[in-house]
Structure formats: structure tokens, C-alpha cells
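Enquirer: Only the shape, not the letters, is given here:
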């Protein structure tokens, strides 16, 4: 249940989501216990499917590709129609702030941190170079719930700078909820660099990654 990426040098680096997967899980464990495994698994599956649909529409929109209209979803399940509605809310509220795209759905890695991942979007957001992540949620999110998202985006920023030499300090988490509420969380990565280092240390990344290679 861990995801690894193979670098061009045939090194195996864990994904940043794997590194963060056990961080702050107590609340999730309590929620699963409260609602029951069957309900929790259903919510998790439908949320993942909805999130994937919204991500794909955001990606297509930013690439100037065709976005299907609601009648096209009659042959699909209702979650695709909901995804279309949520995408439109993002388009109306925040996607218009994105310009000058540097990377989208791009795999990144860091030999210094020995970690990898796939970033949603790197572009100018309100004229500032930004690491951008799109999220869907059942309900509105409190800022403290997003800490892992901020650490993840910070890791992407570090990876991108190592790969390209371009320094990006701003990160933005753009959230749309099932009722159509759009939330914008804009941060500076410097506030999360120490948490990234802590997460990597807890994962024992540097010890585990030494000598791992892909055949």
C-alpha cells in the first residue's frame, strides 16, 4: 500500500502522499469507527471518484480542451454530473485566476529529499508563480485540516526548484464542496518546510531509500 516512483537514474523514491499517509490519521480512524467500515468505504470510494472527475475537467479546461456539457453525462453515473457541476463552480470562482502554466499533471522528484510525486498544476495564480492543488470535499474545510496538503505542495515546490532552478514560494489549495462552496487557501511554503523535514524524518526516508534501485 505504498507508491514508489522510478527516477531516470533507476532510483526508487516514495511518493509524498505515501510519506504523509500516516500523519494525523487519528481523526480519520475515529471517524471510521464512528460511521462503520462499510459506510466509510462507500464514502471514500465515491469521494475519490468525484475528485478524479473534477481533476480531469480542470486539467482539460486549462489545456483548452473540450469540456462535456450536462447532457453528455446521461450515459454515465450521477457522480460525473456532480463532478461537472463542481468543476463549473471552480471555473467561475478561481480557475480564471490561473495563467502562464509551467507544468500540469507532471511527475516531479527530488534527489536531495529522496521523494517524488505528481503535481496538479504549477502556474501563475493572481500573477504570482504558485504550486496549485485542486481538492473536492463533502463539506467546508477548516484551515488546520489542510496541513498535509500544504506540506505536500511545499514538497512539490522543492522538487520543481531542484528540477528547473525556478523558485516558487506560494502554494494554493483550491477546494470545492458538494454544495458548491469554493474555498481558497493561499500560503507561503516557508511556513511548512520544517514540517516537511519532520515528515521525511518520521518516515525514515533517507535510511530506507539508500541503495534502492529499480531493475
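Expert: Okay, I see it. Note that this is a predicted model, so its numbers are computed, not measured. Residues are numbered from 1 along each chain as shown.

Enquirer: Grab the nearest non-local neighbour of residue 90.
Expert: residue 176 (5.1 Å; CB to CB, 6 or more residues apart in numbering). Placement of C-beta: from N, CA and C, glycine included.

Enquirer: Which secondary structure state does residue 179 sit in?
Expert: Here residue 179 is recorded as coil under DSSP: H, G, I helix; E, B strand; the rest coil.

Enquirer: contacting residues for the residue nearest to it when sequence neighbours are not counted?
Expert: Spatial nearest neighbour of residue 179, excluding adjacent residues (CB to CB, 6+ apart): residue 139 at 7.9 Å. Counting by CB atoms under 8 Å, 6 or more residues apart in numbering, residue 139 touches 177, 178, 179.

Enquirer: Now for residue 3: which residues touch it?
Expert: 14, 15, 17, 18.

Enquirer: Any stretches of the protein with poor pLDDT?
Expert: 1, 24-35, 37, 39-49, 67-79, 205-215 (pLDDT under 70).

Enquirer: Would you tell me which strand is longest in it?
Expert: strand 98-110 (DSSP state E).

Enquirer: Quick one: distance of that one to the chain centre.
Expert: Relative to its parent chain, strand 98-110 has a centroid offset of 12 Å by CA atoms, centre = their mean, to the nearest Å.

Enquirer: now the helix or strand that comes right after that strand and strand 98-110, what's the angle there?
Expert: Next helix or strand after strand 98-110 toward the C-terminus (DSSP states H and E): strand 115-125. Orientation of strand 115-125 against strand 98-110 (axes from the mean of the first three to the mean of the last three CA atoms, to 10 degrees) gives an angle of 170 degrees.

Enquirer: buried residues in strand 115-125?
Expert: Within strand 115-125, the residues scored as buried using 16 or more other CB atoms under 10 Å are 115, 116, 117, 119, 120, 121, 122, 123, 124, 125.

Enquirer: Which residue is the nearest non-sequential neighbour of residue 100?
Expert: In space, residue 100 is closest to residue 124, 4.3 Å off (CB to CB, 6+ apart).

Enquirer: In the beta-sheet assignment, what are the partners of the one you found?
Expert: residue 99, residue 129 (DSSP bridges).

Enquirer: quick one, what contacts it?
Expert: Residue 124 sits in contact with 98, 99, 100, 130, where contact means CB under 8 Å, 6+ apart.

Enquirer: what's the closest non-adjacent residue to the last one?
Expert: Looking back up the chat, that one is residue 130. With CB to CB, 6+ apart as the criterion, residue 130 has its nearest non-adjacent residue at 4.4 Å, and that residue is residue 170.
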